[in-house]
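Q: just coords:
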Ligand SMILES: Cc1ncc(C[n+]2csc(CCOP(=O)(O)OP(=O)(O)O)c2C)c(N)n1
Ligand SMILES: CC(=O)[C@@H](O)[C@H](O)COP(=O)(O)O
Ligand SMILES: [Mg+2]
């Protein structure tokens, strides 16, 4: 299957060349479908070696994708991919083969399914464990006459560790609507799957194939107790078995059916299969060696700085524990785990549980650091409000991937956390301007027992700022002035500071003297710093790597409430636009957002010029 031993990828694709849409699969014989699978696997390896992306999971579903599109009739039949990071083979077979090299690039194909991209993508994804809920929605819509076609949800074992999957199965089992769930079990999440459910799945695999509903209650499996017919486990790389099984299930099912498929993440590419993470997410790479192209970094990643700083704090304070929701490598908790295995917890894809688990740990006297990407933290909002903020528990939130993240696009943007945290009483919210600031914020959070505290930082490498050996904790609610000026002030919250300092030089060349300040805190605000800036400058502009309703809004609230919005100083806020920004490089996305240095300088200069005109009482028209 797949590659020859030299890991040389054949470029011959006679069967694949005959596929313009899934209907063309119906004309292929079984041997041709098997040949197509080999060609498709090679095509995916070649493509991702050039584009980078989620290789391992796509290689794991080659045969499954061919079988699903051979048996079902998309787009009338809905094939819904959970997370959909494994959707690359699906995109090749559904008419997007010629665009695959634009994958995850600006103006290119998304790395996930998107309704707007194709009729063959019935539901967008990227955040996990949504497929069964969405699939049930389509099935009920069909039963009520609004839609037609079969509904197939493909969900991984990792995605099955999220509560939402059970909420959906609980409802689907009760409604009894015809629905196909394909459980793609490769014992991997991003890291090896964790949790009792993963062990349970392994026990089902060990028990051997079951076919339909077990008669006696005692030997029914969990899925059957939830009202599903359970079939499998079957070899998810054996195309003939899959074709036979799916054809039979489609013929006979009269309610919800789950087919348990056992696959290998990275299947068919030796370097992926041998890798610990099965090449879950890769940069572009050399196919024959498997070596990824690493770009030289000017500084450590924020994530590495977080991990190193947290380890140092944990050496000082035995009450410090760390929690990740299936993102151990992405958050750096894997490094903490190596240092403190008994104080590190990977709860699976279960952000809601992670937050309330942290609340329980804090209530129990520990000092928990809950490390969750900004975008995934959205899933646990009620737990943050109800279990943490309302009880004033000292949970520390390490919010990685703040702001625009690049190739993963809008589903992964860390755009909203400032807004949804700063409105919570008792919360302290910080944003690091660089890696030295991040280290100090971690030291601050580690000592802050007065209530919940969050610090956010962007994806990728820092600015090269020297990191102190023993970072001094910050004074809560106190910002700093980085550059002193007299005409205008830019008050930055977070990592846009680097661009603001470049803008500072641009403004100076235009004869405008700018103060650059780093707010450090969105809550509590540094009201003294704000008053000082307002009092000494004609223009004050706030800037943040977040949506409206965040830091800038809080500053305006404060100024309005204290009567400082009296027109003497022009106040403006620069935020992410009120839109979702499609994938690109972070620089391209911030360019679209209008938050790069030249845009900051241009905007500040424009406000400054207008303010000057008004103060001289004349306009350009009047001057003529
Ligand atoms: C709510 C949420 N949390 C975390 C992630 C990050 N994530 C993306 S894929 C993945 C692992 C998914 O495992 P599985 O469903 O088994 O798919 P596989 O990669 O094994 O094919 C995780 C944790 C996510 N997409 N959504
Ligand atoms: C598919 C998914 O949600 C994750 O793999 C995510 O793409 C990881 O993001 P980072 O690459 O920023 O860690
Ligand atoms: Mg998996």
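A: Thanks, I have it. On a predicted model such as this, the values are computed, not experimentally measured, just so you know. Ligands and ions are numbered 1, 2, ... in the order given.

Q: Flag every buried residue along stretch 581-596.
A: 581-584, 586, 588-593, 595-596 (16 or more other C-beta atoms under 10 Å). Quick note: C-beta positions are derived from backbone N, CA and C, even for glycine.

Q: Find the nearest non-adjacent residue to the residue of the stretch 51-200 of the chain found nearest ligand 2, please.
A: Nearest to ligand 2, among the residues of the stretch 51-200 of the chain, is residue 85, at 3.9 Å (C-beta to the nearest ligand atom). Leaving aside its chain neighbours, residue 85 sits nearest to residue 54 (3.9 Å; criterion: C-beta to C-beta, 6 or more residues apart in numbering).

Q: okay, now that neighbour: neighbour count?
A: 24 (other C-beta atoms under 10 Å).

Q: Report the contact partners of the residue of the stretch 51-200 of the chain closest to ligand 2.
A: Residue 85 sits next to 54, 57-58, 111-112, 126, 281 when contact means C-beta atoms under 8 Å, 6 or more residues apart in numbering.

Q: can we see that at 10 Å?
A: 53-58, 111-113, 125-126, 128, 156, 190, 280-281, 408 (C-beta atoms under 10 Å, 6 or more residues apart in numbering).

Q: and the residue nearest to residue 76 when sequence neighbours are not counted, what pLDDT?
A: The shortest distance from residue 76 to any non-neighbouring residue, by C-beta to C-beta, 6+ apart, is to residue 149 (4.0 Å). You'll see residue 149 listed with a pLDDT of 98.

Q: likewise residue 92?
A: Residue 92 carries a pLDDT value of 98.

Q: what are the phi and psi angles of the residue of the stretch 51-200 of the chain closest to ligand 2?
A: phi -70, psi -20 (degrees, to the nearest 10).

Q: Tell me the spacing between it and residue 270.
A: Going from residue 85 to residue 270 by C-beta to C-beta, to the nearest Å gives 21 Å.

Q: now swap in residue 239 and tell me
A: Distance of residue 239 to residue 270, given as C-beta to C-beta: 20 Å.

Q: Surely residue 184 is in a strand?
A: Yes. Using DSSP: H, G, I helix; E, B strand; the rest coil, the secondary structure at residue 184 is a strand.

Q: residues contacting it?
A: 57, 60-61, 64, 81-82, 86, 154-160, 236, 259-263, 265.

Q: how about the residues of this structure near ligand 1?
A: Contacts of the chain with ligand 1, taken as C-beta under 6 Å from any ligand atom, map to 57, 60, 83, 85-86, 126-128, 156-159, 184, 186, 188-190, 265, 326, 349, 376, 379.

Q: Selecting buried members of the residues you listed in ChimeraX, what would you type?
A: To isolate the buried members of those in ChimeraX, using 16+ other C-beta under 10 Å:
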select :57,60,83,85,86,126,127,128,156,157,158,159,184,186,188,189,190,265,326,349,376,379
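
Q: Go through the residues of the chain next to ligand 1 and flag which are in strands.
A: 156, 184 (DSSP state E).

Q: ok so, going back, between residue 239 and residue 270, which is the more surrounded one?
A: residue 239 (21 against 14).

Q: and the gap between that one and residue 37?
A: Residue 239 is 6 Å from residue 37, by C-beta to C-beta.

Q: Report the set of residues contacting both of the two.
A: 1, 62-64, 66-67.

Q: which SS state does residue 322 fall under?
A: Residue 322 ends up strand, using three-state DSSP.

Q: The helix or strand harbouring residue 45 - what's its average pLDDT?
A: For residue 45, the element it lies in under DSSP states H and E is helix 30-51. Rounded to a whole number, the mean pLDDT of helix 30-51 is 98.

Q: Could you do stretch 238-256 as well?
A: Mean predicted confidence for stretch 238-256 is 97.

Q: Any idea how many residues pack against residue 281?
A: Around residue 281 there are 18 other residues, counting by other C-beta under 10 Å.

Q: wait, doesn't it sit right on residue 266?
A: No. Using C-beta atoms under 10 Å, residue 281 is not in contact with residue 266; the gap is 11.8 Å.

Q: list the residues that contact both of these two?
A: Contact with both residue 281 and residue 266 is made by residues 55-57, according to C-beta under 10 Å, 6+ apart.

Q: Can you flag the buried ones in the shared contacts of residue 239 and residue 37?
A: Looks like the shared contacts of residue 239 and residue 37 have 62-64, 66-67 buried, using 16+ other C-beta under 10 Å.

Q: Among those, which pair sits farthest apart?
A: 62 and 67 (9.7 Å; C-beta to C-beta).

Q: For the two, list the residues in contact with both.
A: Shared contacts of residue 62 and residue 67, counting by C-beta under 10 Å, 6+ apart, come down to 37, 236, 239.

Q: Would you mind measuring from the residue of the stretch 51-200 of the chain closest to ligand 2 to residue 481?
A: Counting by C-beta to C-beta, the gap from residue 85 to residue 481 is 43 Å.

Q: Likewise for residue 510?
A: Counting by C-beta to C-beta - residue 510 and residue 481 are separated by 21 Å.

Q: For the stretch 501-624 of the chain, give me the ranges with low pLDDT.
A: Scanning the stretch 501-624 of the chain for pLDDT under 70 picks out the ranges 617-624.

Q: And the strands in it?
A: Taking DSSP state E, counting those that start in this stretch as the criterion, the stretch 501-624 of the chain contains strands spanning 514-518, 521-523, 539-544, 570-574.

Q: And the stretch 351-500 of the chain, by the same measure?
A: Using DSSP E, counting those that start in this stretch, strands in the stretch 351-500 of the chain cover 367-371, 396-399, 428-431, 453-456, 480-483, 488-493.

Q: Which one, of these, ends up nearest to ligand 2?
A: Proximity to ligand 2 (C-beta to the nearest ligand atom) singles out strand 367-371 among these, at 11.9 Å.

Q: Let me see the mean pLDDT of the closest one.
A: For strand 367-371, mean pLDDT rounds to 99.

Q: and if you look at stretch 275-293?
A: Stretch 275-293 comes out with an average pLDDT of 97.
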